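Asks: Sequence and predicted structure are below.
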Amino acid sequence: MSRIGKQPIQIPGNVKVAVDGHAVKVTGPLGSLDFYVRPEIQVAVKGPVIEVTRNDETRTAMALHGLTRSLIANMVKGVTVGFEKKLDIIGVGYKADVQGSVINFALGFSHPIAYNLPKGVLATVDKQTSIVVKGPDKQVIGQVAAEIRSLRPPEPYKGKGIKYSDEVVRRKAGKAGKAAGAK
């Protein structure tokens with residue numbers, strides 16, 4: 001049996017969980033999230049906990065057991081606490097600012113870049129070089145952070161670009177100069 005899958009998920013008092021067949025809906029103070037559970041897996045709400053079980057012992061059902069439990073646990077955490085990703089902008093003249101649901105970037109290109117945030121995602125910019133992306137859906141937050149990073153990934157020679165705040169950019173040595181005395 002899956003060690004992760006058999007653990008029950010605690011439901012906080014301000015969260016409502018509705019299971020309708022294979023559809024799971026979690027509603028909390030930060031919003032509402034939906035998830036469709038594969039037919040190999042069963043989800044049941046028993047009092048203050050959610051239990052995830054599998055119908056049979058096939059390889060697919062065993063693989064989906066822990067995954068489904070983790071996804072539902074992330075939904076419960078997302079509608080109560082939320083998720084966030086922090087990104088840093090490094091480079092002279094590189095900056096960002098937020099106007100409503102649009103982040104405007106100046107990243108050393110000949111043109112500014114406007115990135116539209118999806119619905120339910122909030123972004124804040126601190127000192128024009130630090131971006132925090134917040135929201136209830138962990139997958140969407142990770143995708144938005146990856147898309148923002150891909151606008152100007154950090155390069156290994158000077159370290160300029162957009163990186164996650166906990167990311168370490170491995171630096172490379174530049175091209176060696178002409179050897180002294182060699183012709």
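Replies: Cool, the structure landed.
Asks: contacts, neighbours, all on C-alpha from now
Replies: Fine.
Asks: Okay, domains of the protein per the record?
Replies: 9-80, 83-164 (automatic domain parsing).
Asks: Mind putting those into CSV with mean pLDDT and distance to A176?
Replies: Conversion of these to CSV gives the following (pLDDT from 0 to 100; distance: least, CA to CA, whole Å):
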stretch, mean pLDDT, distance to A176
domain 9-80, 88, 49
domain 83-164, 88, 13
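Asks: could you dump those to JSON lines with distance to K172 and mean neighbour count?
Replies: Formatted as JSON lines, the domains of the chain follow (distance: least, CA to CA, whole Å; neighbours: other CA atoms under 10 Å):
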{"stretch": "domain 9-80", "distance to K172": "38", "mean neighbour count": "17"}
{"stretch": "domain 83-164", "distance to K172": "5", "mean neighbour count": "17"}
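Asks: can you give me the helices for the protein?
Replies: Secondary structure of the chain (DSSP state H): helices located at 59-80, 138-150.
Asks: Can you say which of those helices is nearest to T53?
Replies: Smallest distance to T53 across those (CA to CA): 6.8 Å, for helix 59-80.
Asks: Find the residue at the geometric middle of the chain.
Replies: When the chain is reduced to its mean C-alpha position, the closest residue under CA atoms, centre = their mean turns out to be G142, at 2.1 Å.
Asks: Reformat the domains of the chain as TSV; add distance to K178.
Replies: Listed next are those as TSV, based on distance: least, CA to CA, whole Å:
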stretch	distance to K178
domain 9-80	56
domain 83-164	19
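Asks: So for K175, which of these sits nearest?
Replies: Between K175 and the domains of the chain, the shortest separation by CA to CA is 9.7 Å, and it involves domain 83-164.
Asks: Might you calculate how far that closest one sits from the centre of the chain?
Replies: Per CA atoms, centre = their mean, to the nearest Å, the displacement of domain 83-164 from the mean C-alpha position of its chain is 13 Å.
Asks: again with stretch 39-49
Replies: 25 Å.
Asks: Repeat that for stretch 75-82.
Replies: A distance of 13 Å separates the C-alpha centroid of stretch 75-82 from that of its chain, computed with CA atoms, centre = their mean.
Asks: Could you pull out the strands in this protein for me?
Replies: Residue ranges of the strands in the chain, as given by DSSP state E, are 9-10, 16-20, 23-28, 31-36, 41-46, 49-54, 83-90, 95-99, 102-106, 113-116, 122-126, 130-135, 161-164.
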